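Asker: Quick one, structure for this:
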Amino acid sequence: MTQTAARPQAPTLWDIAEIERDTGLGKDTLRVWERRYGFPTPLRDARGDRLYDPPQLERLLRIKRLLDLGHRPGKIVPLPLPALDHLLQTSCNAAGQPDAAAAALDHWLDLLAQGKPAALRAALQQELQRLGLSQAIEQLLAPLGQRIGQAWLADQLSIHQEHLFTETLQSVLRDAITSLDASSAALNHPPRVLLTTLPQEQHQLGLLMAECYFALGRCERIALGPRLPPSEILAAVECFQVDIVALSISLHASTREIAEQLTLLRTQLPSEIELWIGGGWTSVGRRHLPGGVHGVVNHEQVSAGLARWRAAHG
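Answerer: The predicted structure follows:
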């Protein structure tokens, strides 16, 4: 039953936009869960807009963490807070079993804990110079991102520390792309690639890593950042005359929702425009890819795809 509440002056209630910002759960997702699972159960202000109280925010934060660990919404959204806490602890313990690879990354957690952004940035730059851009992404940066995510889910890192890592790494990768472009004696060549994510995908780090691969391939790139509606993707394709649309999709994305959106986008794109996707979801959801959608998850696959495209287009 819908309740009505006057919004207090103290910030103890959040509107749906604030909940989306703080949890990373989209407004449409929250509304669907409300109808399908009976949670969340927002209050309403005098205008009928949804308002969420602190217990609901806490529950939604835990649900988001479990989604990031691979749990399905139908299994966890209806659960009460104690059950979510128990499942989260169990899942984090299972995901965080120590192994040689994880142990080798722990010193990066120490850098974050020390709160020294300059030292973190310098260490990341040193590893990029030592390994080279593509190898640094695949051998260090992608595994490190997963390790940071596990540490955050297990409450070993605070939100501000996770944000520090993400922002520092993005800055280092952008500098690497700029340096790579500046060092090229020739102009970038076709294909012209548009890089973005679908509206529910908020994570930009995978998108930036993909841009690094295309920069190494000397492609013309149109980077539009995350969360672009399909209608805007289509408009950008026409505006910029792109040859390939490249989307990054993270691991926790809904398989059904992504498959439906990719099918629709592939149908609406001109047949000569290729649609490529990468990111964590691509490996686990490959069998759900619609026809005409190419999955690429590393530098080798991007390079092979570019060679194929260039051979076909002279």
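Asker: CA only for contacts and neighbour counts going forward, please
Answerer: OK.
Asker: Give the buried residues for the longest helix seen in the chain.
Answerer: What stands out as the longest helix in the chain, according to DSSP state H, is helix 159-183. Across helix 159-183, burial judged by 16 or more other Cα atoms under 10 Å covers 161-162, 164-166, 168-170, 172-174, 176-177, 181.
Asker: now do stretch 235-255
Answerer: 236-237, 242-255.
Asker: What is the lowest-pLDDT residue among those?
Answerer: Least confident entry in the buried residues of stretch 235-255, by pLDDT: H252, with 68.
Asker: Please, where are all the helices along the stretch 151-300 of the chain?
Answerer: Using DSSP state H, counting those that start in this stretch, the helices of the stretch 151-300 of the chain run over 159-183, 205-216, 230-240, 255-268, 280-284, 299-312.
Asker: Distance to P55 added to these, as TSV?
Answerer: Formatted as TSV, the helices of the stretch 151-300 of the chain follow (distance: least, Cα to Cα, whole Å):
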stretch	distance to P55
helix 159-183	19
helix 205-216	30
helix 230-240	34
helix 255-268	28
helix 280-284	30
helix 299-312	44
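Asker: Which one of these lies nearest to H71?
Answerer: helix 255-268 (12.0 Å; Cα to Cα).
Asker: contacting residues around that closest one?
Answerer: 230, 234, 275, 285, 288-290, 292-293 (Cα atoms under 8 Å, 6 or more residues apart in numbering).
Asker: Which parts of the chain belong to which domain?
Answerer: Split into domains by automatic domain parsing, the chain comes to 3-95, 100-180, 187-312.
Asker: any idea how far the first one is from the chain center?
Answerer: Right, the one you point to is domain 3-95. 19 Å (Cα atoms, centre = their mean, to the nearest Å).
Asker: Also the longest one?
Answerer: Relative to its parent chain, domain 187-312 has a centroid offset of 13 Å by Cα atoms, centre = their mean.
Asker: now the shortest one
Answerer: Domain 100-180 has its average C-alpha position 16 Å from the chain's average C-alpha position, going by Cα atoms, centre = their mean.
Asker: Which residues are in contact with the most centrally placed residue in the chain?
Answerer: Centroid-nearest residue in the chain, with Cα atoms, centre = their mean: H203, separated by 2.8 Å. The contact partners of H203, by Cα under 8 Å, 6+ apart, come to 226, 250.
Asker: Please identify the most buried of the domains of the chain.
Answerer: Of these, the one with the most neighbours on average (mean count of other Cα atoms under 10 Å) is domain 187-312, at a mean of 18.
Asker: picking that back up, with respect to M209, which of the buried residues of helix 159-183 is nearest?
Answerer: Checking the buried residues of helix 159-183 against M209 by Cα to Cα gives L173 as the nearest, at 7.5 Å.
Asker: my read: the closest one touches A210, true?
Answerer: No. Taking contacts as Cα atoms under 8 Å, L173 lies outside contact range of A210: 10.6 Å.
Asker: Now I159: closest residue in space that isn't a chain neighbour?
Answerer: Leaving aside its sequence neighbours, I159 sits nearest to W152 (Cα to Cα, 6 or more residues apart in numbering; 7.2 Å).
Asker: Contacts only, for the one you found.
Answerer: 158-159, 162.
Asker: Which neighbouring elements make contact with the strand ranked longest in the chain?
Answerer: In the chain, assigned by DSSP state E, the strand with the most residues is strand 189-196. Using 3 or more Cα pairs under 8 Å, 6 or more residues apart in numbering; DSSP states H and E, the elements in contact with strand 189-196 are helix 205-216, strand 219-223, strand 244-248, helix 299-312.
Asker: What strands flank it, and is each parallel or antiparallel?
Answerer: Sheet partners assigned to strand 189-196 using DSSP bridges are listed as strand 219-223 (parallel), strand 244-248 (parallel).
Asker: Restrict the first one to CA atoms and write it as PDB.
Answerer: What follows is strand 219-223, C-alpha atoms only, in PDB (Å, rounded to 0.1, in the frame of the first residue of the first chain):
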ATOM      1  CA  CYS A 219      41.600   3.900 -34.900                       C
ATOM      2  CA  GLU A 220      39.600   7.100 -35.200                       C
ATOM      3  CA  ARG A 221      37.600   7.200 -31.900                       C
ATOM      4  CA  ILE A 222      34.500   9.000 -30.800                       C
ATOM      5  CA  ALA A 223      34.300   8.500 -27.000                       C
END
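Asker: Measure how that strand sits relative to helix 230-240, angle-wise.
Answerer: 140 degrees (axes from the mean of the first three to the mean of the last three Cα atoms, to 10 degrees).
Asker: low-scoring stretches of this protein, by residue?
Answerer: 1-11, 92-104, 153-155, 185-187, 252 (pLDDT under 70).
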